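Trainee: Sequence and predicted structure, then a few things I'm wondering about:
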Amino acid sequence: MRKKKIAFVLAGGGSKGAYECGAIIALNKMGIKADIVCGSSSGSLVGALYCQNELKVAVDMFSKLETDELFEVERDASLFDFAKAFILNNGADPKGLKDGIRKYIDEKKIRDSKVDFGLVTVEIPRIKAHRLWKDEIPYGKIQDYVLASASAFPMIKYHVIDGKKFIDGAYADVMPVQMAIDRGANVVYAIDLLGNGIERKLSRRNKSKVLIISSKWELGFPLDFDADRQKSMLKMGFLDAQKALGLYEGDYFCFEKGSFKNKTELFEADCCGRFFNLNPAKVYNKRNFLNALKKAIKDFQANGEFDENTALETLSTIFKSNSIDMVGSDTGYGSIVLAMATNMIREGRDSIMYNDAIGAIFDETYAAATYIVDNNLYKPTKQHSIIYRGAKQFAGNKLRNFNLKALRDYLSGRYFVYKVKSFFHK
């Protein structure tokens, strides 16, 4: 039987490297250690420190580093100041990154380590990819190549090695899974930061060797180093790795297994937590999730974020129009969810909200409203009744020219489009 050869593949993503640190800590805690580690950009930095058995250094760097410490700009620098530095200097000078790499990356430790280490960088102006393992990097140059791999040009100035200019490895291979497989890895844990860059396609056979760990959340701008956000990403990476291995369940949130009676309830809870901004960097069971959600809804109402009449009018307008382009963005997801819940509570099972077409189109917002009603998390504040004439017309006439794309863009959710199409064309 072929021996397992485990690889950690670390995608590029700048400040999002904190997420990778959290995921690796979780894997190690579960007894999963890498024989091979390779990465692009920030992934090469995290990988180098892992190879040195000094991941804690990477955690400290990402947890404490602020943007002004990374670049030669003032603490209160504006976006204009950054843009000016990029234009005048062909990218900002990452002084803090250079200092950190010179201080913490130890070439001898990397070369002596039993863990194989590789990185990707791109030579310009030829746009030639260099996929290099530690035994292929000239002695005395590992620090330089790590810095080159992390040089996110044009935001960060290119790095010169022996007269040649190098930039971020993401320009060739943002998550170098194939590189690890070509090196002999047969079990790959790939931490995907969903950043910009080129991603090489894998064969079906090689895909079966890979477990992807990633976040459903937008982790932010890669050059925005904020200590509080970094700590949150560290915890999210830790939890998502455990979810990927089946220790927890959930999509946007992390739930103890068995907290919900079925996948439908789990989906509804996940949607609801997302729309009311619950903390994704913690573990929930059903009880503490309901408590947190109830408080979030109450705060949402108390802070004036929900105006019942405005939300109901917005929802009715969406139903009545062939296009929702006229609807403003002042009424957010939470308001739409509570507007739906309001009608469900007032009208009971006669509510137009329980129509199959409404559920199919609104999907996540509908699921969230259903969860609120089923768990008695909200009581409408006003006592007059709202009748959704526009919604009834929409459902009753099966409008064939309803703008599904506009609605989908507006709600930015996952929609069962095939259900909608079949409903309209019966």
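Mentor: That came in fine, so what should we check first?

Trainee: switch to C-alpha atoms for all contacts and neighbour counts from now on
Mentor: Fine.

Trainee: which stretches of the stretch 201-350 of the chain form strands?
Mentor: For the stretch 201-350 of the chain, strands defined by DSSP state E, counting those that start in this stretch occupy the ranges 210-214, 248-249, 254-256, 283-284.

Trainee: Give me whichever of these is most buried.
Mentor: Each of these was scored by mean neighbour count; the highest is strand 248-249, a mean of 22, by mean count of other Cα atoms under 10 Å.

Trainee: That strand pairs with which strands, and in what direction?
Mentor: Note on strand 248-249: by DSSP bridges, its sheet partners are strand 254-256 (antiparallel).

Trainee: about what we covered before: so can I have CSV of the strands of the stretch 201-350 of the chain showing mean pLDDT and distance to Asn375?
Mentor: CSV is the format used below for the strands of the stretch 201-350 of the chain (pLDDT from 0 to 100; distance: least, Cα to Cα, whole Å):
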stretch, mean pLDDT, distance to Asn375
strand 210-214, 97, 30
strand 248-249, 98, 20
strand 254-256, 98, 17
strand 283-284, 98, 16
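
Trainee: Tabulate these (TSV), appending distance to Lys128.
Mentor: What follows is these, written out as TSV (distance: least, Cα to Cα, whole Å):
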stretch	distance to Lys128
strand 210-214	26
strand 248-249	42
strand 254-256	41
strand 283-284	44
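
Trainee: Among those strands, which comes closest to Asn291?
Mentor: strand 283-284 (10.2 Å; Cα to Cα).

Trainee: if we can go back for a sec, looking at the strands of the stretch 201-350 of the chain, which is nearest to Phe306?
Mentor: Comparing these by Cα to Cα, strand 283-284 comes nearest, at 25.7 Å.

Trainee: Show me what the closest one is packed against.
Mentor: strand 254-256 (3 or more Cα pairs under 8 Å, 6 or more residues apart in numbering; DSSP states H and E).

Trainee: and if we set it to 10 Å?
Mentor: strand 248-249, strand 254-256, helix 286-302 (3 or more Cα pairs under 10 Å, 6 or more residues apart in numbering; DSSP states H and E).

Trainee: Of these, which stretch is the most buried?
Mentor: strand 248-249 comes out most buried of these by mean count of other Cα under 10 Å, with a mean of 22.

Trainee: Check the burial of Gly246 by counting its neighbours.
Mentor: 11 (other Cα atoms under 10 Å).

Trainee: any idea of the mean pLDDT for the longest strand seen in the chain?
Mentor: The strand that spans the most residues within the chain, counting by DSSP state E, is strand 116-124. If you average the pLDDT over strand 116-124, you get 98.

Trainee: chain center to it: distance?
Mentor: 24 Å (Cα atoms, centre = their mean, to the nearest Å).

Trainee: Please name the strands paired to that strand in the sheet, noting orientation.
Mentor: strand 36-40 (parallel), strand 128-133 (antiparallel), strand 164-168 (antiparallel).

Trainee: of these, which approaches Gly184 most closely?
Mentor: strand 36-40 (8.8 Å).

Trainee: The closest one - what's its average pLDDT?
Mentor: 98.

Trainee: for stretch 362-373, same thing?
Mentor: On average, stretch 362-373 scores 92.

Trainee: And this structure, what are its domain boundaries?
Mentor: 6-246, 302-424 (automatic domain parsing).

Trainee: Where among the ones you listed is average confidence lowest?
Mentor: domain 302-424 (a mean of 65).
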